[in-house]
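**Q** my questions are about this predicted structure, shown below with the sequence.
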Amino acid sequence: MIDALVEQCTEAGLDVSLDVKGTPRDLPPMIELSGYRIVQESLTNVVRHSGATKAEVTLVRGGSNYLLTIADNGSGLGEHPSDGGRGMLGMRERARSLGGELTIDSRPGSGTEIRFRLPLGP
């Protein structure tokens with residue numbers, strides 16, 4: 001599913017790479033959907049607002065964690081990246097509802113990195 005989002009953004013002119021690491025295993029549909037929606041919102045923001053030329057999506061499934069990272073080389077989110085808009089709020093709420101966390105690292109002119117980490121248990 002996420003590879004289709006990457007393909008759409010590539011067709012829109014953004015150089016996007018997808019790297020899947022770890023042991024693939026079936027995840028509950030709600031986790032798969034949440035990861036998809038977080039990538040979708042993040043890449044939409046990159047295309048619409050960041051001015052980025054490149055983005056990287058990394059998905060690590062292994063051990064007791066699911067980690068999803070979306071990073072770009074765009075303009076950054078400004079002084080208070082954690083404030084964000086409704087999209088950022090929605091991503092955070094989605095992560096929390098599953099017992100995970102969403103963090104944002106951004107500085108003006110230095111791009112943005114969004115990380116979604118979800119403990120999966122043993």
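**A** Nice, thanks for sending it over. Please read these numbers as outputs of a predicted model, since none were measured by experiment.

**Q** elements contacting the helix ranked longest in the chain?
**A** Looking only at the chain and at elements set by DSSP state H, the helix with the highest residue count is helix 29-45. Here helix 29-45 is seen to pack against helix 2-11, strand 54-62, strand 65-72, helix 86-97, strand 112-119 when contacts are counted using 3 or more Cβ pairs under 8 Å, 6 or more residues apart in numbering; DSSP states H and E. C-betas here are computed from N, CA, C, even on glycine.

**Q** so how many other residues sit close to the closest residue to I2 other than its chain neighbours?
**A** What sits nearest to I2 in space, not counting adjacent residues and going by Cβ to Cβ, 6 or more residues apart in numbering, is V39, at 5.3 Å. V39 is flanked by 25 other residues according to other Cβ atoms under 10 Å.

**Q** and what of the one 4 residues further on?
**A** Look at L43: counted by other Cβ under 10 Å, it has 24 neighbours.

**Q** before we move on, back to that, do you know how far the residue nearest to I2 is from G109?
**A** Look at V39 and G109: by Cβ to Cβ, to the nearest Å, they are 24 Å apart.

**Q** isn't V20 right up against Y66?
**A** No - when contacts are counted by Cβ atoms under 8 Å, V20 is not listed as touching Y66 (11.5 Å).

**Q** shared neighbours, these two?
**A** Among the neighbours of V20, those also in contact with Y66 (Cβ atoms under 8 Å, 6 or more residues apart in numbering) are 59-60.

**Q** neighbour count for these two, which is higher?
**A** A count of neighbours by other Cβ under 10 Å puts Y66 above the other of V20 and Y66, at 23 against 12.
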